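Participant: Model the following, please.
(one chain, ligands or ions: 1)
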Amino acid sequence: MDTQAFKQTLHKSDRYNRRGFGSANKRAQALAEAYQSGLIGSIRDNGNKLNYGRLKVKIAEAFGFCWGVERAVAMAYETRKHYPNERIWITNEIIHNPSVNDHLRKMDVLFITEEQGVKDFAGVKDGDVVILPAFGATVQDMKLLHDRGCHIIDTTCPWVSKVWHTVEKHKKHTFTSIIHGKYKHEETLATSSFAGTYLVVFDLKEANYVANYILGKGNREEFLMQFSKASSHGFDPDKDLQRIGVANQTTMLKSETEEIGRLFEKTMLRKYGPAELNEHFLAFNTICDATEERQGAMFSLVDEPLDLMVVIGGYNSSNTTHLQEIAVSRGIRSFHIDTPERIGEDTNTITHMPLGGELLTEEDFLPMGNINVGITSGASTPDRVVEHVIQKLMKISEKS
Ligand code: SF4
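Facilitator: Next up is the predicted model:
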């Protein structure tokens with residue numbers, strides 16, 4: 001599909017809206033009232049610290065709701081107000097946060113279900129309103145909804161659209177897009193739908209594997225097997241890795257994305273030499289500011305003397321998982337939870353998601369004596385949720 005031509009058609013349609021309905025400020029205010037927290041405000045005013053008896057809490061300098069998420073949620077609220085009687089759907093969770101999604105459900109926003117990666121659009125009818133979430137939707141889904149006569153409210157974050165432009169640029173100049181991301185993540189699915197030839201690499205290890213293949217040290221069959229689900233149809237590593245550009249899922253670990261970029265640049269330099277580098281490698285800059293800021297703040301926070309860390313955000317939130325990775329890489333006892341309810345304030349227990357593991361419950365998680373706790377949250381987590389977590393820690397600290 002000519003994705004650029006389709007986008008132009010879509011953007012001209014009177015059934016497409018990516019700017020909201022003019023009441024965004026009011027909605028943003030309502031959003032602030034619903035999700036902001038007085039306690040967090042006072043902790044921020046106190047140098048991001050809270051001293052409460054034996055408990056010392058240090059919050060990261062930047063955490064929680066990012067601009068793109070605030071905008072998407074505000075637009076979703078606005079949409080309900082603008083279409084009070086129409087059926088409203090959302091193609092996925094608006095953002096990866098259970099409380100925000102529940103709030104939308106209470107406003108009668110319907111969620112399009114998905115089974116084994118395939119969305120069920122059967123219930124969506126002509127004239128329905130469909131909201132696309134902050135991390136976007138595939139171009140095929142957009143076309144289907146447009147062809148069906150739906151009103152599309154597109155809350156895709158401009159940072160994500162920027163990545164789509166990048167991969168479309170690769171496609172135009174016949175470069176393969178190497179996307180640093182999780183091939184199953186909605187944002188990466190959307191990005192790959194705008195790309196021409198693409199390959200998704202999850203981490204530096206996979207990137208090294210690809211770099212070695214480029215330098216003639218790989219096995220074709222093994223390569224095709226490894227990336228069968230993470231590459232475009234008919235991907236040919238011998239042909240399609242001759243001209244490459246790098247892009248990323250906006251919420252990946254920034255330092256790793258940069259390292260992957262440098263790795264491929266060096267690889268192409270080694271293979272083709274400096275005179276031909278521009279013919280074989282395209283530089284990139286698709287890292288989102290908010291992700292960068294939150295990861296930077298986390299690196300500063302883990303330098304503090306901490307006994308443990310609580311990282312709050314949806315379990316399917318990529319940016320939250322990367323914050324957790326930073327804590328774990330420093331050897332800090334770190335607990336990733338998605339809601340305050342994961343903490344049992346009467347029992348001093350926490351049910352958390354270890355990196356790459358299954359939900360685990362720990363007892364006596366807050367130790368006796370003076371304790372320093374670091375707190376951060378992902379870009380989809382409202383301050384109100386962080387506040388509830390801190391209040392629970394305060395309660396436990398009073399008892400034990
Ligand atoms: S994390 Fe970045 S890309 Fe994602 S919604 Fe927020 S600002 Fe946009």
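Participant: What is the neighbour count of the residue of the stretch 101-250 of the chain found nearest the ligand?
Facilitator: Per Cβ to the nearest ligand atom, the residue of the stretch 101-250 of the chain with the smallest distance to the ligand is C157, at 3.1 Å. (Glycine included, C-beta is placed from N, CA and C.) For C157, the tally of surrounding residues (other Cβ atoms under 10 Å) stands at 24.
Participant: how near is it to E341?
Facilitator: Distance, C157 to E341, by Cβ to Cβ, to the nearest Å: 28 Å.
Participant: Then E276?
Facilitator: 57 Å.
Participant: Which residues of the stretch 1-150 of the chain lie near the ligand?
Facilitator: 66-69, 134 (Cβ under 6 Å from any ligand atom).
Participant: Please identify which two of those are farthest apart in space.
Facilitator: Using Cβ to Cβ, the two most remote members of these are W67 and A134, lying 10.1 Å apart.
Participant: Once you drop chain neighbours, what's closest to P354?
Facilitator: Excluding the flanking residues, the one nearest P354 by Cβ to Cβ, 6 or more residues apart in numbering is L360, at 5.8 Å.
Participant: For the residue in the stretch 251-400 of the chain positioned nearest to the ligand, give me its contacts.
Facilitator: The ligand sits closest to C288 of the stretch 251-400 of the chain, with a gap of 3.2 Å, by Cβ to the nearest ligand atom. Contacts of C288 were listed using Cβ atoms under 8 Å, 6 or more residues apart in numbering, and they are 66, 68, 157, 159, 250-251.
Participant: 10 Å instead?
Facilitator: 66-68, 157-160, 162-163, 248-252, 254, 294, 319, 379 (Cβ atoms under 10 Å, 6 or more residues apart in numbering).
Participant: of those residues, buried ones?
Facilitator: For these, a burial check counting by 16 or more other Cβ atoms under 10 Å picks out 66, 68, 157, 159-160, 163, 248-252, 254, 294, 319, 379.
Participant: Identify the farthest-apart pair in the residues you listed.
Facilitator: V163 and R294 (17.8 Å).
Participant: so where is the chain shaky, pLDDT-wise?
Facilitator: 23-24, 27-28, 285, 400 (pLDDT under 70).
Participant: Which stretches in the stretch 101-250 of the chain count as strands?
Facilitator: 109-111, 114-115, 118-119, 129-132, 151-154, 176-180, 198-201, 244-248 (DSSP state E, counting those that start in this stretch).
Participant: What is the first one packed up against?
Facilitator: To tie it back to what came earlier, the one meant is strand 109-111. The contact analysis (3 or more Cβ pairs under 10 Å, 6 or more residues apart in numbering; DSSP states H and E) places strand 109-111 against helix 67-82, strand 88-90, helix 98-106, strand 129-132.
Participant: Show residues contacting the shortest one.
Facilitator: Residues external to strand 88-90 that are found in contact with it (Cβ under 10 Å, 6+ apart): 76, 79-80, 82, 101, 104-105, 107-112, 121, 123-125, 128-133, 137, 145, 150-151, 153, 155.
Participant: Drop anything exposed from those.
Facilitator: 76, 79-80, 82, 101, 104, 109, 112, 121, 124, 128-133, 137, 145, 150-151, 153, 155.
Participant: on that earlier part again, excluding residues flanking it in the chain, which one is nearest the residue of the stretch 101-250 of the chain closest to the ligand?
Facilitator: G68 (3.2 Å).
Participant: wait, what's in contact with that neighbour?
Facilitator: 95, 134-135, 155-160, 250, 288-291, 379-380.
Participant: if we go to 8 Å?
Facilitator: 134, 157-160, 288, 290, 379.
Participant: And it, how close does it get to I95?
Facilitator: Distance from G68 to I95, by Cβ to Cβ: 9 Å.
Participant: Find the residues that touch each one of the two.
Facilitator: With Cβ under 8 Å, 6+ apart, G68 and I95 have common neighbours 134, 379.
Participant: so how far is M75 from the closest residue to the ligand within the chain?
Facilitator: Closest residue of the chain to the ligand, Cβ to the nearest ligand atom: G68 (2.5 Å). Note on G68: its distance to M75, by Cβ to Cβ, is 11 Å.
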